[in-house]
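In: Kindly return the folded structure for what I paste below:
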Amino acid sequence: MIEMVSMASPLPDDAPLLSVEEVQRHLKRSRASIYRYANTDPKVLNPPYDANRLNPEVRTDRDQPLLFHPKEVRRFARDVLGLAPVIQVQPGEETITQELLRAILAELQAIREHLQSQV
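Out: Below is the predicted model of the structure:
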């Protein structure tokens, strides 16, 4: 099984916004950490852009949940946290079917070698 966690693939500008929980899952950080990283201010609804913080999308009301654009999450992960794109390869368990297919392949290769030696 190959699980890809890639920050290198292009994202469309209209990609769905990510909630705090989704950002938490993507960055593998605690919920509290995401709130510490977020560029928020109790006195200002939409603080100016800060390259060292995780900048949420513009809100019209304080009661709206924080939402983040995937490109902003990627930028923050790469530039601030220093996370590189990762590909995790997790080998699957060996099944009886795979063992049987390997045995069939070995037998077919032996037959091919035998036939080629007779020519």
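
In: Neighbours of residue 35, how many?
Out: Counted with other CB atoms under 10 Å, residues neighbouring residue 35 total 13. Yep, even glycine has a C-beta here, placed from its N, CA and C like the rest.

In: Wasn't it part of a helix?
Out: Yes. Assigned with DSSP: H, G, I helix; E, B strand; the rest coil, residue 35 falls within a helix.

In: helix/strand/coil for residue 113?
Out: helix.

In: Over to residue 59?
Out: Per three-state DSSP, residue 59 ends up coil.

In: when you give positions from now on, start the count at 742
Out: Got it, the first residue is 742 from now on, which makes the last one we talked about residue 800.

In: can you list the weak-confidence ranges in this protein?
Out: Counting by pLDDT under 70, the ranges of the chain that qualify are 742-754, 827-832.

In: residues near the residue lying closest to residue 791 once chain neighbours are set aside, how many?
Out: Closest residue in space to residue 791, ignoring its immediate chain neighbours: residue 780 at 4.7 Å, by CB to CB, 6 or more residues apart in numbering. Number of residues near residue 780 (other CB under 10 Å) recorded here: 19.

In: so who does residue 780 touch?
Out: 788, 790-791, 794-797 (CB atoms under 8 Å, 6 or more residues apart in numbering).
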